[in-house]
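Novice: based on what follows, work out the 3D shape:
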Amino acid sequence: MNTENSAPQFAICILEEQTQLTLTDLCRACAVHDEQIIALVDAGVLEPQGREPGHWRFGGASLHRARRALRLQRDLEIDLTGAALAVELLDEIESLRTRLRAVGGEY
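Specialist: Okay, the predicted model is just below:
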């Protein structure tokens, strides 16, 4: 089989909100150093359970939020504050769309 012409393969990770990730787990899943995840916590993008980084636990939704914020920073070259605001607004849009679908509307 010729692998040069094969389509790229992507790793997909589906997590439930009940899933608990450590700081190390989240760093690996996002392919970043712990300083970047700590910065996301400091900016309010992520809200871990636990008092200090070594004891932090993140819910499954944190992976999605972290990846989204990091992608915004990388792709749009916006600062951490801007990425945090954008993630909040995108989450609000998703929430409103969900509510609208629940009452039978379209978006």
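
Novice: going forward, measure contacts and count neighbours with C-alpha atoms only.
Specialist: OK.

Novice: can you map out the strands along the protein?
Specialist: Ranges of strands in the chain, per DSSP state E: none exist.

Novice: low-confidence stretches in it?
Specialist: 1-18, 105-107 (pLDDT under 70).

Novice: longest helix in it, please.
Specialist: Secondary structure of the chain per DSSP state H: the longest helix is helix 80-102.

Novice: please state the offset of that one from the chain centre?
Specialist: Computed by CA atoms, centre = their mean, to the nearest Å, the separation of helix 80-102 from the middle of its chain amounts to 13 Å.

Novice: could I get the buried residue list for it?
Specialist: Within helix 80-102, the residues scored as buried using 16 or more other CA atoms under 10 Å are L80, A83, A84, A86, V87, E88.

Novice: including distance to R57, could these go into JSON lines?
Specialist: As requested, these are exported to JSON lines (distance: CA to CA, whole Å):
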{"residue": "L80", "distance to R57": "21"}
{"residue": "A83", "distance to R57": "22"}
{"residue": "A84", "distance to R57": "20"}
{"residue": "A86", "distance to R57": "23"}
{"residue": "V87", "distance to R57": "20"}
{"residue": "E88", "distance to R57": "20"}
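
Novice: just those residues now: which is nearest R68?
Specialist: Nearest to R68 among the buried residues of helix 80-102: V87, at 7.0 Å, using CA to CA.
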